[in-house]
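Q: could you look at this predicted model? Sequence included:
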Amino acid sequence: MSKAKRGGTGFDDWRVKSHLKYFSAVAGMCCIGLTLTGCNMSASDNTSKAQPPASAQAGQADKVLYRFSDAEFFNPKIDGAIVEKRGGENGEVSAGINLTFPGDKHMPGLSFDVADENGLTAFDNGNLAFDVANENDKSVHLYVNLLHGDDVLQSHSVSIPSGYRGTVFFPFSGPEASADIGFWGDPPSWDTDELRMIWRSWKNVSTPMKPVEQVRFFVIGNLESKTLALSNLRVRENPPVDPFWLTQLVDKFGQSTRVQNNVTVESETQLKELAEQEISRLEDATVGTERSQFGGWKNGPRLEATGYFRTEKVDGQWWMVDPQGYLFFSHGPANVRMANTTTYTGVDYNNSAIRKINDGELTPEDSIDIVTIPDNVRQTAEVISEQRNNMFAWLPSYDDPLAKHYSYRRTSHKGPIEHGETYSFYRANLERRYGENYLQTWEDITIKRMHDWGFTSFGNWVDPMFYDADRIPFFANGWIIGDFKTLSGHINHWGEMPDPFDPQFAERARITIEKIADEVQGSPWCAGIFIDNEKSWGERTGSVEARYGVILDGLSKASSESPAKAAFDEALRAKYSTIAALNSRWGTKLADWEALNLGVTFDTFSEPLVEDLSMLLELLGEQYFSVVHNTLEDVLPHHLYMGARMANWGMPDEIIKASLKYSDALSFNIYEEGMQPNFWAFLEEIDLPVVIGEFHIGTATDSGMYNPGIVHSSDQKDRARMYTEYMESVISKPYMVGAHWFQYIDEPITGRAHDGENANIGLVTVADIPYPELTKAMKAFNSQLYLRKFKNNRQ
């Protein structure tokens, strides 16, 4: 380890020259590469004539896997998609297929075998490429998975712009694919005009990749049918890696050093001038005249005013009702806080005291605000990752006034750095923009932006400083964390599932909710309460293990060690009079009830066994929701319980059913192009109000970011279009009462310290500059929000 260095000034001249020289060489190499049928053009130039694609080669000939035109060679498995052969047209697109993704199917796709399973794994430095033409008038968010049996080895995705004709690719092996740099989306390791797919989620580089047996092309949640022309699927050797691909990625403002756009800030003077202009423009910004004090619809029906937010069904559609009795629809950004704005610097402190986690803490590590680092701790600073430390063109010295924006993370959820020093460029930029009282000014300007953009509330995870503002509704939140027993699912996305039968869980729930009550202070501006987020209940569909993993884990435990297992045993004894009756249904040979008490595992799953797993999952959900609901009812009786914010990968029917009697509203995080009517039709039968806890759309093209987020657009203009279409799909549903965009601020380019997420999902940049295309679209949509929702669903 080396001593930490601070106060860098940016690129050295020799480094800039070397960088440019490298890219010139790559460009020349690509121009003389092997020519293939197809075409290649930049995503930003949809009008240029089609040209043959340049092969990204470094000496080894392309290995063509499929032309797509010979279906008998790839054993297609069609799941909801429509596949048609097509011939070449004027030499622009080689013979292949038209792959149509219907808008009434949730995940339509095409899978096919890799005839030679070593076709990919034989390349230890390769990329998978194919030619595509998007003849739709809108972009297509395409996913490609590499599979071994049911295991997803790699998942990649990209937004293919309308009119694009060219090559799409992703490295599946080699330096970029195997690098664990702590990012959700990595910087490209070589320059190209082709469309590069990003990793769908975090890479698993700890174990060698199994042989690829299948490739799957699919989409998720299209609002309308879309067709792509595909041809010439091939494996190519990767070109040389840019030696500086991980060097000096961000400037002193935390912006990209490699992409400039219409929101790039070039100087502190400019940053201040932009702030002054916006402050002046928003001086009189307040809630619109057609809105109530709390953002409700003054021009609509007025109902009973209770002094707090509530829900009611009016003329066949659900609404929230504000404290004054006006119809209310909750729409605004979530995660309006500093906690997730920090990124690892590659420095840590040789002082274990800063990593101490105290018993009884109520806030998860990633939700903790900026912490002050004592001087005696800073004196022990050492560089633990030269690679990460070199990603920054500038970091302040410890005696710089902007050093106050250093912080620390004691643990990480993902990534190669387990703990270490962090820095918030966003918070530093706020001080540069607004001066000494930057946090107070930020609070004021943020609320004025919400009013100017037509939002009615904040979403979840808003800084408690806004609770006392009495200017815009908010949702309070808390996490139930503690030293209680847990259950492990087949996949634990954010951690293991709490055991709600453990008395310690109920105790911790009460402590958490009492803390929320202390923060909220009975405020009528609190629109509701969220507890926890995206728990690992199990998958909605898939294998028995994927759907009921937490129950199978519970059954494997001894009832003396697991409160949940003891509850499961009790429920099974109540259902079956004898162990013989249980054995007969399950196909097991348990000697007696004591054998069940000691724990049981399964190799096969009979239908009656699966039915009982379903029963026990619902029992688990009932216990969780009853504990949370009853505690909220006791401590915060006037505020709505908004449910558990289920992810669409973690919302089993049993858990939804269990939540119904305990929730004032249901909440789902829906990361798709919108709410597909067929897929979400079950909510009409439930007949409860529903809020979207999270959604977003981003881009990795003109944003300068390396990850678009979960839902992709082709550029900022396309992002604005997709936002509007998403919200149109929401307000067309009579049960919808809210939708919260995640999140207010772009994530750090070098990844948030918790897990490396680094997506373009903000309404504002790291320099606190609003994205004009997106916020203009939001303002336009929100100006007609209430009238359109009211008319859309009136019976």
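A: Yep, that arrived. Since the model is a prediction, treat every value here as computed from it, not as a measurement.
Q: and A275, which helix or strand is it part of?
A: Here A275, judged by DSSP states H and E, is contained in helix 268-281.
Q: now do the buried residues in that helix.
A: 271, 274-275, 278 (16 or more other C-beta atoms under 10 Å). Where you see a C-beta, it was placed from the backbone N, CA and C, and this is true even at glycine.
Q: list the buried residues in stretch 704-718.
A: 704-716, 718.
Q: I'd say M722 and S714 touch.
A: No: with contact defined as C-beta atoms under 8 Å, M722 does not count as touching S714 (9.3 Å).
Q: for this protein, what are the low-confidence residue spans?
A: Residues of the chain that meet the criterion pLDDT under 70 lie in 1-61, 65-74, 88-94, 115-119, 794-795.
Q: right, and the helix or strand after the longest helix along the chain?
A: Counting residues, the longest helix found in the chain (DSSP state H) is helix 607-635. Counting by DSSP H and E, the next helix or strand C-terminal to helix 607-635 is strand 646-647.
Q: what residues of the helix or strand just after that following strand count as buried?
A: As assigned by DSSP H and E, the chain's next helix or strand after strand 646-647 is helix 653-660. For helix 653-660, burial by neighbour count (16+ other C-beta under 10 Å) applies to 654-656, 658-659.
Q: okay, the angle between helix 653-660 and helix 607-635?
A: 30 degrees (axes from the mean of the first three to the mean of the last three C-alpha atoms, to 10 degrees).
Q: can you list contacts of the next helix-or-strand element following the helix holding A275?
A: Downstream of helix 268-281, the first helix or strand assigned by DSSP H and E is strand 297-302. Contact with strand 297-302 is made by 289-292, 314, 324-329, 786-787, 790, as judged by C-beta atoms under 8 Å, 6 or more residues apart in numbering.
Q: tell me where the stretch 251-400 of the chain has strands.
A: 297-302, 310-314, 317-321, 326-328, 330-334, 343-344, 347-349, 381-383 (DSSP state E, counting those that start in this stretch).
Q: can you say which of those is packed in most?
A: strand 343-344 (a mean of 30; mean count of other C-beta atoms under 10 Å).
Q: other SSEs contacting it?
A: strand 420-423 (3 or more C-beta pairs under 8 Å, 6 or more residues apart in numbering; DSSP states H and E).
Q: direction included, what does the strand it packs on pair up with?
A: Paired strands of strand 420-423, with direction, are strand 343-344 (antiparallel), strand 406-409 (antiparallel) (DSSP bridges).
Q: bridged to L195, which residues?
A: Applying DSSP bridges, one finds that L195 bridges with V168.
Q: what sits against it?
A: So L195 contacts 43, 132, 158, 160, 164, 166-169 (C-beta under 8 Å, 6+ apart).
Q: can I get the residues you listed in a markdown table including neighbour count and distance to M197?
A: As requested, those are exported to a markdown table (neighbours: other C-beta atoms under 10 Å; distance: C-beta to C-beta, whole Å):
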| residue | neighbour count | distance to M197 |
| --- | --- | --- |
| A43 | 23 | 12 |
| V132 | 26 | 11 |
| V158 | 24 | 4 |
| I160 | 24 | 10 |
| Y164 | 27 | 13 |
| G166 | 23 | 13 |
| T167 | 27 | 11 |
| V168 | 24 | 6 |
| F169 | 25 | 7 |
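Q: can I get those in a markdown table with distance to F742?
A: Output for the contacts of L195, formatted as a markdown table (distance: C-beta to C-beta, whole Å):
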| residue | distance to F742 |
| --- | --- |
| A43 | 25 |
| V132 | 29 |
| V158 | 21 |
| I160 | 24 |
| Y164 | 28 |
| G166 | 31 |
| T167 | 32 |
| V168 | 27 |
| F169 | 29 |
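Q: on that earlier part again, nearest to D755 among the strands of the stretch 251-400 of the chain would be which one?
A: Closest approach to D755 among the strands of the stretch 251-400 of the chain (C-beta to C-beta): strand 343-344, 10.9 Å.
Q: how about residues contacting the closest one?
A: Contacts for strand 343-344 (C-beta under 8 Å, 6+ apart): 182, 385, 388, 409, 415, 417, 420-425, 748-753.
Q: what do you get for stretch 98-108?
A: Stretch 98-108 is contacted from outside by 79-86, 109-110, 140, 217-230, 676-679, using C-beta under 8 Å, 6+ apart.
Q: same question for stretch 405-412.
A: Contacts for stretch 405-412 (C-beta under 8 Å, 6+ apart): 342, 344-345, 349, 354-357, 365-366, 370-371, 373, 396, 398, 418-425, 427-428, 431, 753-755.
Q: next, the distance between the ends of it.
A: Using C-alpha to C-alpha, to the nearest Å, the end-to-end distance of stretch 405-412 comes to 19 Å.
Q: now do stretch 121-132
A: 24 Å.
Q: which stretches in the stretch 451-600 of the chain count as strands?
A: Counting by DSSP E, counting those that start in this stretch, the strands of the stretch 451-600 of the chain are 474-478, 486-487, 497-498, 526-531.
Q: Serialize the ones you listed to TSV and add fields for mean neighbour count.
A: Below are the strands of the stretch 451-600 of the chain laid out as TSV (neighbours: other C-beta atoms under 10 Å):
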stretch	mean neighbour count
strand 474-478	25
strand 486-487	22
strand 497-498	24
strand 526-531	26
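Q: those strands: which one's closest to V336?
A: Closest among the strands of the stretch 451-600 of the chain, once you apply C-beta to C-beta, is strand 474-478, at 8.8 Å.
Q: what residue is smack in the middle of the chain?
A: Central residue of the chain (C-alpha atoms, centre = their mean): I710, 5.0 Å from the mean position.
Q: show me the helices in the stretch 351-500 of the chain, by range?
A: For the stretch 351-500 of the chain, the helices defined by DSSP state H, counting those that start in this stretch occupy 375-378, 386-389, 425-434, 438-452.
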